[in-house]
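Chemist: Structure for this input, please:
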Amino acid sequence: MRKLLTTTLLVIGVGWVVGTTHALAQQKVTNATAAAYTLLPSSATVEKGLFKAEGLDVEVKLVRSGNEAIQALAAGTIEFAESSHAQFISAVANNLPVVAIGINVHGFPARLIALQRHSSLTNLADFKGKRIGSQAGTGVHTVLLMAIEKSGLKATDFTISNVRISDMPIAMQGDEIDAYLAWEPQAARMVESGRGKEVISADRFQAMLNISYPFMILTTEKIVRERPDLVQKYLNAYAKGQRVIDTQRGEAIGIYRRALPAAALASMTDENLRSQIFLTTMYNRVLPNSVDLADIKQTAEFMLREKIIKAMPDLAKVINLEFARQATANLGK
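Modeler: From the prediction side, this is the model:
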């Protein structure tokens, strides 16, 4: 009996030690992302316990923009961040020590919403001499400038006003700006108000420029060099989180609702959220494909040509695909 009791206590003790060791082994890391559709993959990966299964305790920190996420990453206060490819290009062109390790979502999200009096205008050339609202510093704004060039026009052919996406529905009520390049949910609100009409769809912008608009998963050179195991575990889990979104869309809507700040959920139905997540974007790969890489390259070349950046970054050095390749391979196991 004494021997059995001792054995039982030993087993319990070992179990407690193993459990404690497992808890202690969880590496605490932070990911910064904007409060938009792009936060869904990391949020789903947290909620479904996929990071924890890789030994990671991940906090998703909401910031105002991809630029703010990149600044926090470069400052060393977080381990991972997410931004548009244009914001990433700007960062590495300015020698910030960030590295792209994968993509969290792809698909251009914005559409041109015009005032009803301009509803018959269906091409950028039709808006020559008119006022267009766009949030400067975003990848969407860069695509607008690229589309203007592709149309044989110049930015100076328009009056382009910097309008924050959150302010666009209210700004439209003033009739001072003729059209806005907006993404969800603001684009839908502008149309539903009766004041705006979609005149150029997200798909048309994407086809016009042959882009995929990859949104990047970022870390730092130091973390890649010193903690490659952390990067691999992060992307292993992330790829599984994307698969949840891609295959369980009803559940993804609930996850997105729980992840968004309360202020962003005012009057948002599940159908509104579904459109915001799935209307033009896809969450089906962490590994960039040839179209994504070509998009990044042509965007960088455009930014250099337009003097948005001063030097062309060495994309081969600042895009590391090894971890995403392995995560994709692991996903099939």
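
Chemist: Leaving out the residues flanking it, which one is nearest to the most centrally placed residue in the chain?
Modeler: Nearest to the geometric centre of the chain sits Thr38, at 3.7 Å (C-alpha atoms, centre = their mean). Closest residue to Thr38 apart from its sequence neighbours, by C-beta to C-beta, 6 or more residues apart in numbering: Phe215 at 5.2 Å. Backbone N, C-alpha and C define where each C-beta goes, glycine included.

Chemist: related to what we said a few turns ago, let me see the confidence value for the residue nearest to the centre of the chain.
Modeler: Thr38 carries a pLDDT score of 92 in this model.

Chemist: Ok, Arg64 next?
Modeler: 87.

Chemist: burial of it, as a residue count?
Modeler: Arg64 has 11 neighbours, counted by other C-beta atoms under 10 Å.

Chemist: Next: Leu112.
Modeler: 28.

Chemist: And for Leu124?
Modeler: 24.

Chemist: Just confirm it contacts Ile148, I think it does.
Modeler: Yes - with contact defined as C-beta atoms under 8 Å, Leu124 reaches Ile148; the gap is 6.0 Å.

Chemist: Once you drop chain neighbours, what's closest to Leu62?
Modeler: The nearest residue in space to Leu62 (C-beta to C-beta, 6+ apart) is Ala35, at 4.7 Å.

Chemist: now the helices for the stretch 51-200 of the chain?
Modeler: 66-75, 85-93, 139-150, 168-172, 186-192 (DSSP state H, counting those that start in this stretch).

Chemist: Measure how the second one sits relative to helix 66-75, angle-wise.
Modeler: Think helix 85-93. Helix 85-93 runs at 30 degrees relative to helix 66-75, counting by axes from the mean of the first three to the mean of the last three C-alpha atoms, to 10 degrees.

Chemist: can you give me the offset of helix 85-93 from its chain's centre?
Modeler: Relative to the centre of its chain, helix 85-93 is centred 14 Å away, using C-alpha atoms, centre = their mean, to the nearest Å.

Chemist: again with the shortest one
Modeler: What separates the centre of helix 168-172 from the centre of its chain is 23 Å, taken as C-alpha atoms, centre = their mean.

Chemist: Return the set of buried residues in it.
Modeler: Using 16 or more other C-beta atoms under 10 Å as the test for burial, helix 168-172 gives Met168, Pro169, Ala171, Met172.

Chemist: Can you tell me which of these is closest to Ala316?
Modeler: Distance to Ala316, by C-beta to C-beta, is smallest for Met168 among the buried residues of helix 168-172, at 37.5 Å.

Chemist: can you pull the contacts of the closest one?
Modeler: Contact analysis of Met168 by C-beta atoms under 8 Å, 6 or more residues apart in numbering lists Ile113, Gly133, Tyr180, Ala182, Gln186, Met190.

Chemist: Can you tell me which of the buried residues of helix 168-172 lies closest to Arg325?
Modeler: Using C-beta to C-beta, the buried residues of helix 168-172 come closest to Arg325 at Met168, 38.9 Å.

Chemist: my guess is the residue nearest to Leu62 contacts Pro261, does it?
Modeler: Yes - Ala35 is in contact with Pro261 according to C-beta under 8 Å; the separation is 5.7 Å.

Chemist: The two: who's more crowded?
Modeler: Between Ala35 and Pro261, Ala35 has the larger neighbour count (other C-beta under 10 Å), namely 16 against 8.

Chemist: Spit out the contact partners of the more buried one.
Modeler: Leu62, Leu260, Pro261, Ala264 are the contacts of Ala35 under C-beta under 8 Å, 6+ apart.

Chemist: list the contacts for the first one?
Modeler: Contact partners of Leu62, counting by C-beta under 8 Å, 6+ apart, are Ala32, Thr33, Ala34, Ala35, Leu39, Pro261.

Chemist: one more time with 7 Å
Modeler: Thr33, Ala35, Leu39, Pro261 (C-beta atoms under 7 Å, 6 or more residues apart in numbering).

Chemist: wouldn't the third one be in contact with Thr33 here?
Modeler: I take that to be Leu39. Yes - assessed by C-beta atoms under 7 Å, Leu39 is found in contact with Thr33 at 4.5 Å.

Chemist: For Ile148, see how far away Asn123 is.
Modeler: Per C-beta to C-beta, to the nearest Å, Asn123 is found 11 Å from Ile148.

Chemist: Name the residue in those two with the higher neighbour count.
Modeler: Ile148 (21 against 14).

Chemist: Would you check which pair of the buried residues of helix 168-172 lies furthest apart?
Modeler: Among these, Pro169 and Ala171 lie farthest apart (C-beta to C-beta), at 7.3 Å.
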